[in-house]
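J.: Fold the stuff below for me.
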Amino acid sequence: MSRILLADDSPHAQRMGERILREEGFEVVSLTDGDAAMLRLADVDPDLILADVFLPGKSGFDLCRYVKGEPRFKHVRVVLTAGLLEPFDEEEAKRAGCDAILKKPFEASKLVTTIDPLVKEAQLARGLFADIIASAPAAPVVEPPKPPEPPAPEIDPERVRAAITLALDAALPAMIQEITERVLIALGH
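T.: All right, here's what the predicted structure looks like:
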């Protein structure tokens, strides 16, 4: 059974894509962002990737360029997708090395006629390039960049003392009132 990695942050597109592909007998692994797709590539080992170009994290273009540049994914075919009204740069898609482009919402017959020959090519390429794929070093896990730590604020002892003084001045009348009431209750008055 062929495996397809479906990377799309739209729940509707995921449901539609999964339903169509599973009805056609494909195993589908769905992810909602490009960073997760990059991290899962090796263990999913898909024949085909169906990726939205506007994924959060790594874009569909980034994912395509990465797959096409890694010898161990030489067999993988990539189909980039975008909504009908989304601006889509087909020249950039071609430069990234994508094998096909599809518009969403997915039309079942168009999706199947686009991916069927690509899946067959991928399976053939998997056999032809088996030696290259097996001897290729494991692709490094691409971690999403971590945001820089904000610098620790400098602590000015005088500002801290002033803030405490202001807080005590504001709280003092209420504290005096509460202590007075408790003392009077304790004394039985």
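J.: what's residue 102 in contact with, if anything?
T.: Neighbour list for residue 102: 50, 79-81, 110-111, 114 [criterion: CB atoms under 8 Å, 6 or more residues apart in numbering]. Where C-beta positions appear, they are placed from N, C-alpha and C, glycine not excepted.
J.: The residue nearest to residue 8 when sequence neighbours are not counted and residue 93, how far apart?
T.: Among residues not flanking residue 8 along the chain, residue 52 sits closest, at 4.5 Å (CB to CB, 6 or more residues apart in numbering). Applying CB to CB, to the nearest Å, the value for residue 52 to residue 93 is 12 Å.
J.: Determine the longest helix present in this structure.
T.: Within the chain, and with DSSP state H defining each element, the longest helix by residue count is helix 157-187.
J.: By average pLDDT, which secondary structure element in this protein comes out worst?
T.: Counting by mean pLDDT, DSSP states H and E, the chain has its least confident helix or strand at helix 130-135, which shows a mean of 61.
J.: Strands of this protein, start to end?
T.: Counting by DSSP state E, the chain has strands at residues 3-7, 27-31, 48-52, 77-83, 100-104.
J.: Mean neighbour count, those strands: which tops it?
T.: Stretch with highest mean neighbour count among the strands of the chain: strand 48-52 (a mean of 27; mean count of other CB atoms under 10 Å).
J.: and the angle from that one to strand 77-83?
T.: Taking axes from the mean of the first three to the mean of the last three CA atoms, to 10 degrees, one finds strand 48-52 and strand 77-83 inclined to each other by 20 degrees.
J.: and strand 48-52, how far from the chain's centre?
T.: Mean-position distance between strand 48-52 and its chain equals 13 Å (CA atoms, centre = their mean, to the nearest Å).
J.: Likewise for stretch 161-176?
T.: Using CA atoms, centre = their mean, the offset of stretch 161-176 from its chain centre is 48 Å.
J.: now that stretch: mean pLDDT?
T.: Stretch 161-176 carries an average pLDDT of 78.
J.: List the buried residues for it?
T.: Across stretch 161-176, burial judged by 16 or more other CB atoms under 10 Å covers no residue at all.
J.: From residue 8, how far off is the spatially most central residue of the chain?
T.: The centroid of the chain falls nearest to residue 33 when counting by CA atoms, centre = their mean (2.1 Å). Distance, residue 33 to residue 8, using CB to CB: 9 Å.
J.: low-scoring pLDDT stretches of the chain, where are they?
T.: For the chain, the stretches flagged by pLDDT under 70 are 129-147, 152.
J.: please redo it, this time with the cut-off set to 80
T.: Scanning the chain for pLDDT under 80 picks out the ranges 1, 127-156, 159-160, 162-164, 166-172, 174-175, 178, 189.
J.: what's near enough to touch the residue nearest to the centre of the chain?
T.: Contacts of residue 33 were listed using CB under 8 Å, 6+ apart, and they are 7, 9, 55-58.
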